[in-house]
Every structure is written in C-alpha cells, then in structure tokens.
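With the sequence up front, the predicted model follows.
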Amino acid sequence: MDRLVVAAALICISWAYADTTFVSGQVTGTWTPAGNPHIVTDDLEIPPRRQLLLENGVRIQFQGHSLTVFGSLICASGFDTTYFTQDTVAHPVRWPGIYVQSPGASAEFRSAVIERSMGIHVDSALVEIYSSTLRDNRQSALNVQGGEYVINGSSFEHCGAGGCGGAIHAYGALGSVGDTRFESCAGLDGGAICAMQGELSLSTCVFLENRATLWGGVIIADSTALTVSGSHFIDNRALLGGALHVHNGPLVQFKYCVFRGNTGNRDGLQGNCGVGLISVGDSMTFENCIFDGNSSSGVSAFKCSTNTMFKECVFVNNSGQVLLSGYRMTVNFSDFWPPPVMGIGVDESLADLATVNQNGDSVDAFGNLVAPPDFLSESAGQGLYYPNFSSPLIDAGDTTGELDWDGTYPEIGLRDYFHIPPVEDLTLLRTDATANLTLRWTSPGQNCQFRVYRSAADEWAWPSVEIIAETADTFFVHQDVLSEPLAKYTYRVATLNCELGR
C-alpha cells in the first residue's frame, strides 16, 4: 500500500515540470506560453540592438535574479496575462526587478502583471505600460532617471514602503499617465508619485487610499511642470498635504479634478493641509475642481505661499481650523459651503457677500457664492457632482470668458448644465410582441447629436432624471423597459449642438 502511494507522488512531480523552461544569461527571440513557466535561475540580459518578444500569456518566475534590457523588451497584448513574478517556492525573497539601462533601450508592457519585485528601473530610456498591473512591489514600482515613461489603462496597487514615490519615482523625466488607478501605495514623501525636475501629465486617473509619512499623500512635485485633468483624489493622507505637496513648480495646472476625503493627519498625529501644501513657484491654477470633505487639524484645504488661483471650484464640507491660508492667493467664481473661516494672508473680503451675481444670488467681490451647491444624487445616473436644476452653481461662473455653447454663462464646479430644448415631435411606440419601447423624432438640422433622458415621475422632474442614451440617430430602442410592473416614466429627447456634436 505504501509503495503505491510513493509511485503516484513521483508521477505528479514529473508532470509538474514537464513544460518548465529554465532561462539565464543573454536572451533574445520569442517566448511562448508553451514553455511556461519560465524559471529564471540567473540574471537575464537582452543585448543592445536585440529583442525579446513575449507572447501574451507567458509566465516568468524569478529566483532572486534580475532582467536587464540594453535592447528591446516587448510584451504582446492579448486576452491573457503575461506575468513577471517571484518563484516563491524556490526563492522567498523578492526579485531585484527589471532594469532598462541605456538611451537606446526600451521596454513595452501590455496586458502584463509585474509583482513581488523591487520595481522597474529606467535610466535614460523609454518604458511604456498599457493595460497592466504593478502590485506588491517595494521601493518604487517604477523608478525613472531621465528618459520617458508612458502609462495608460493600468493600475498600481500596494506598492512602495519608504523613500519618495511608492508607485512612481521620476527624476529629470518626461511622463504621461492616463486612465490609471493608484491604490494603497506608500512612501516617505509622495505616497503614489514623486516627480522632480521634469514634466508630468496626468489625465482621468484615480488615486485611492495612498499615504505618505511626511509630505504629499499622493504627489510630491519639485521643480516639475505638472498638469492634471479629470482625476479623482480620494481618501489619501499624509502628515502635511493629504493629497499634494508642490514645491518650486514652473507651471502647475489642475482642471476638472475631485479631491474628497483627504486628510492632513496621519496615524493619530496632528498635521496640516488636508488637500495640499503649495510653496514657492511661478503659478498654480485649479479650475472647475471639487474639494469635498477634506480635513486636518489646521488648514482643511490649502496652504499656499506662491501665486495660486482657484476658479469655478466648489469647497464643500471640509473641516479644520481654517479652509485656506497663505498669501498671493485668488479665488474667483467659486462656492463655499458651509461659510468658511479663512486663515492668515487671505483677502478679508473673500466670502464676504457684498453684491449679487448674474443670477441674483449673493456673492462677494470676486463672484464667489456661499451656498449649498445642491448636487443631484449619484443615483440619478448623471455622475457625481452634477448640479440639480435649482443649483446656484448653474450659470454662476466667469462672466468675462467664453459662453457655454447653449449661450449661457459657464457653471461653477465639475459638470456643465446645458439649457437644451426638447424635440417637439417625440413619439413612443411599443415594438410588437416584445417589452421594448421605441422612441422616434425628427432632426432639426444636419449632423445633430441627441440625448435621451428619462424621469421616474409622472411629470418631468429633474431630481429623478437619468441619461439613458446619446445617439446620432432619430430613434432609440429602450430594451425590455415595458417588462417592469407598474413603472411610470417620462421621456425627453434633447438636441445637442448640431455643428459641434457636443
């Protein structure tokens, strides 16, 4: 009986290693999933002017060794995942990472996972990361010294430990990052990103629950041109600057961003600047941003000592001794709620309601409101921070700039509110023998775009409105809607700008 058990165990071991490929030294050519797993038994090197192509789905397991790229590393895209990971059975210590080491070198990661390493290290080279995940990497998941990095559709998770930038550390580099998520990364400074003496563009990124021991829970930027648009900073923390610390910035711009629940305190220690600490630099601008529920023991939002402008922003439900502090700060056409307490250096007439705006609402000398913003609930289907039809934010923006395409003044805050008339000949038809509802109408012009709204009320009511479609057609089929028992809906189809297609 015992001899039979031993024989079965030996057969299992033979099967487990039947497709294993052991690799070391110089590597080129093409690796395929048929050779999985690829076990790295010594340091790997891709020579200059040579290429290693990894087909989608290749799995590489490192036994404490590194991969150095002097030539070109390419991970092919696909529906499977290419893994760079640790051989935890044979070598429990993290592997040193990937080094892209010379001006002629490049690495392109697509549909890849890089994990349990000491990160990707780039020296005067190019690295591109698309639809990939970097997780559980120590130091900085991506360390770039000179050169260029491009990241899109990816995520950084549980990266970093100490140093500057848990996810990205960039010095003298040109960076572009879009549609990427940074979650639970940590550093001494810059919980997610440390950018120094370079350029960095961020668009439609999400930063969630990152932390720094000292400065900048998400970003610390020093002597860096920084532009950020359409990004969300949520529940990050640091001792100073729950989301940001910007120093000596030549040009820093934030547009259409959300800062929510960031904290300028850490691990029971009382800190300062729930959102950001801004010091020394040419200029900083925040336009159409939301600052919601940020906090610290001192300044709940910003402390600034350089030229900083806030325009068409909303400050709501922030908590601290003061909301804003610092000199050379301007706030125009924005909204504060509740009524704020301002700190040292802030213009005393800020939030002092002394006149009225174009809507007849009370504002200060800079066009700022002190009023509840009156947002639609998230369940209304139009996204966070969309103004209700009765919101004072509507048409309360800058009266000196361009009008919205509907001919009205712009809104304060993140979302536009367009005064768009409905089509006049909307017809509702039930599709035979189905639960579908067909909406038809006539186009008023050429190349028009239409937006289909639905209200869950007997009569039209904006608080219950959701957007169910945008189309260039003059009909829309609402699938299976008539299968809902006793439901009542009101539909409206609005014509968007025919020339611009907005």
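Ah, there it is. Numbering: from 1, shown residues only.

Any stretches of the stretch 301-450 of the chain with poor pLDDT?
Residues of the stretch 301-450 of the chain meeting the criterion pLDDT under 70: 378-383, 405, 420-421.

whoops, I mixed them up, the chain
Scanning the chain with the threshold set as pLDDT under 70 gives 1-18, 280-281, 378-383, 405, 420-421, 457-464, 497-502.

quick one: the helices in it?
Along the chain, the stretches classed as helices by DSSP state H are 2-16.

and it, what are its domains?
What automatic domain parsing lists as the domains of the chain is 18-370, 427-495.

Report the central residue of the chain.
Geometric centre of the chain, nearest residue: C205, 1.3 Å, by CA atoms, centre = their mean.

Leaving out sequence neighbours, find the closest residue to that one.
Among residues not flanking C205 along the chain, S231 sits closest, at 4.4 Å (CB to CB, 6 or more residues apart in numbering). To be clear about C-beta, it is placed using only N, CA and C from the backbone, and glycine gets the same treatment.

on that earlier part again, any idea how far D179 is from the residue nearest to the centre of the chain?
7 Å (CB to CB, to the nearest Å).

What's opposite the closest residue to V341 other than its chain neighbours in the beta bridge?
Closest residue to V341 apart from its sequence neighbours, by CB to CB, 6+ apart: V322 at 5.1 Å. Beta bridges link V322 to V299 when assigned by DSSP bridges.

I'd like to check which residues are in contact with V322.
Applying CB atoms under 8 Å, 6 or more residues apart in numbering to V322 gives the contacts G298, V299, S300, P340, V341, M342, G343.

repeat that with 7 Å
V299, V341, M342, G343 (CB atoms under 7 Å, 6 or more residues apart in numbering).

same thing with Y417?
Y417 makes contact with P387, I394, E411, according to CB under 7 Å, 6+ apart.

Show me where the stretch 401-502 of the chain has its strands.
Remark: strands assigned in the stretch 401-502 of the chain by DSSP state E, counting those that start in this stretch are 427-430, 437-440, 450-455, 465-471, 475-478, 490-495.

Relative to the third one, what are the paired strands and their orientations?
Within its sheet, and counting by DSSP bridges, strand 450-455 is paired with strand 465-471 (antiparallel), strand 490-495 (antiparallel).

okay but L414 is in contact with P387, surely?
No. The pair L414 and P387 does not pass the contact test of CB atoms under 7 Å, sitting 9.1 Å apart.

In CSV, list the contacts of Y417 along with distance to V89 and neighbour count.
Below are these laid out as CSV (distance: CB to CB, whole Å; neighbours: other CB atoms under 10 Å):
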residue, distance to V89, neighbour count
P387, 56, 25
I394, 61, 23
E411, 58, 23
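
picking up where we left off before, would you mind giving me the PyMOL syntax to select the buried ones in the contacts of V322?
Selection of buried members from the contacts of V322 for PyMOL, criterion 16 or more other CB atoms under 10 Å:
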select buried, resi 299+342+343
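
Now render the contacts of V322 as CSV, adding distance to N359.
Listed next are these as CSV, based on distance: CB to CB, whole Å:
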residue, distance to N359
V299, 30
V341, 26
M342, 24
G343, 29
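
ok, how many other residues are close to V23?
For V23, the neighbour count with other CB atoms under 10 Å is 17.

So in this structure, which strand runs the longest?
Secondary structure assigned by DSSP state E gives strand 38-46 as the longest strand of the chain.

starting at the chain centroid, how far to that one?
The chain centre lies 35 Å from the centre of strand 38-46; the measure is CA atoms, centre = their mean, to the nearest Å.

Tell me which residues are up against that strand.
Here strand 38-46 makes contact (CB under 7 Å, 6+ apart) with 20-28, 31, 52, 58-63, 65-73, 87.

quick one: strands adjacent to that strand?
So strand 38-46, judged by DSSP bridges, has these partners: strand 21-26 (parallel), strand 59-62 (parallel), strand 66-69 (parallel).

of the ones you listed, which approaches S201 most closely?
In terms of CB to CB, the element of these nearest to S201 is strand 66-69, at 24.7 Å.

Extract the C-alpha trace of the closest one and format it as CSV.
Output of strand 66-69 as CSV, limited to C-alpha atoms (Å, rounded to 0.1, in the frame of the first residue of the first chain):
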residue,chain,number,x,y,z
SER,A,66,17.0,40.4,-12.4
LEU,A,67,16.3,41.2,-16.1
THR,A,68,18.5,43.9,-17.7
VAL,A,69,17.4,45.4,-21.0
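
contacting residues around that strand?
Defining contact as CB under 7 Å, 6+ apart, one finds that strand 66-69 is touched by 43-46, 95-101, 105, 107.

so H65 makes contact with G97?
No. Contact criterion CB under 7 Å: H65 and G97 do not qualify, at 10.1 Å.

When those two are compared, which one has more neighbours?
Taking other CB under 10 Å, H65 and G97 do not tie; G97 has more neighbours (22 against 16).

pretty sure the more buried one is touching V122, no?
No. Applying CB under 7 Å, one finds G97 not in contact with V122, separated by 10.7 Å.

F70: neighbour count?
When neighbours are counted by other CB under 10 Å, F70 registers 18.

who's in contact with it?
For F70, the contact set (CB under 7 Å, 6+ apart) comprises E45, I46, P47, P48, Q101, S102, A105.
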